[in-house]
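> build me a model:
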Amino acid sequence: MRYDPDHKIQTRQRVLRVAARAIRSEGPARVGVAGVMREAGLTHGGFYAHFQSKDELVAAAITQMFEDSGAQWRQSLEGRGDADGLASCLRVYLSAEHRDAPGNGCPMAALASELPRLDAAAREAYSRGSRQLTESLAGLLARLGHDDAHALASSVLAELIGTLAMARCESNRARSDALLSAARRQLGRRLNLVIDA
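Below is the predicted model:
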């Protein structure tokens, strides 16, 4: 059977998207190559046409996670003013829907506790993605007139990731919702935005 030239690229992308969702949901240690390939509709043997090892798959999937998050970020900002766009992004990030869907959520929150146990390539993919996200947020904060926008962006991201992690760990839904709501209010005050509308 002959495939078009893009077939291998498309197949690899399908595997990466499945792996990214599984890694976010279950963590990299619990994700198996056979399960990823089965979910992608491929055989386990086909894995080696795309990746040399599970470690390579994990690093590539982390890169894919950040690319997908960056695309969602840009889409959320498109057609909005800077303040409205940022408020919308923060509202979505600190929502019950995001908390309840870790398989499609923020790679930084999903991987932060796992990262020290991953290999150098995975840690570098995470660092590269988090730097790009920090730079994007810093640029937006600078346009909104905030001083020391890079330091503020790092602080805001830490608050977002920490709040989401805590909300996911809280067994009482009302307390979890309250954590998210409090963070939206505090970030709104801190950044002069209307987030918790």
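> helix, strand or coil: sort out Ser25 for me.
Of the three states, Ser25 takes helix under DSSP: H, G, I helix; E, B strand; the rest coil.
> please renumber the chain so that the first residue is 10 from this point on.
Yes, from this point I'll number from 10; that puts the last item at Ser34.
> hang on, it packs against Gly114?
No - using Cβ atoms under 8 Å, Ser34 and Gly114 do not qualify as a contacting pair, with a distance of 9.1 Å. Every residue, glycine included, has its C-beta placed from N, CA and C.
> thought Thr143 was touching Leu161?
No - here Thr143 lies out of contact with Leu161, judged by Cβ under 8 Å, at a distance of 10.2 Å.
> quick one on the thing from earlier: of Ser34 and Gly114, which one has the most company?
Using other Cβ atoms under 10 Å, the more surrounded residue of Ser34 and Gly114 is Gly114, with 21 against 15.
> helices and strands around the helix or strand encompassing Val27, which ones?
Using DSSP states H and E, Val27 sits within helix 16-35. If you count contacts as 3 or more Cβ pairs under 8 Å, 6 or more residues apart in numbering; DSSP states H and E, helix 16-35 packs onto helix 42-48, helix 63-86, helix 116-120.
> relative orientation of it and helix 63-86 in degrees?
With axes from the mean of the first three to the mean of the last three Cα atoms, to 10 degrees applied, the angle from helix 16-35 to helix 63-86 works out at 90 degrees.
> list the buried ones in helix 16-35?
20-21, 24-33 (16 or more other Cβ atoms under 10 Å).
> for stretch 167-176, same thing?
For stretch 167-176, by 16+ other Cβ under 10 Å, it's 168-170, 172-174, 176.
> who's in contact with it?
99, 102-103, 107-108, 114-115, 117-118, 121-122, 185-186, 188-189, 192, 195-196 (Cβ atoms under 8 Å, 6 or more residues apart in numbering).
> how about low-confidence regions in the chain?
Residue ranges of the chain with pLDDT under 70: 10-14, 206.
> again, only this time at 80
10-14, 16, 205-206 (pLDDT under 80).
> just to revisit the earlier point, distance to Met74 and secondary structure for the buried residues of stretch 167-176 - can I get that in CSV?
Shown next, in CSV, are these (distance: Cβ to Cβ, whole Å; DSSP: H, G, I helix; E, B strand; the rest coil):
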residue, distance to Met74, secondary structure
Glu168, 20, helix
Leu169, 16, helix
Ile170, 14, helix
Thr172, 19, helix
Leu173, 15, helix
Ala174, 16, helix
Ala176, 20, helix
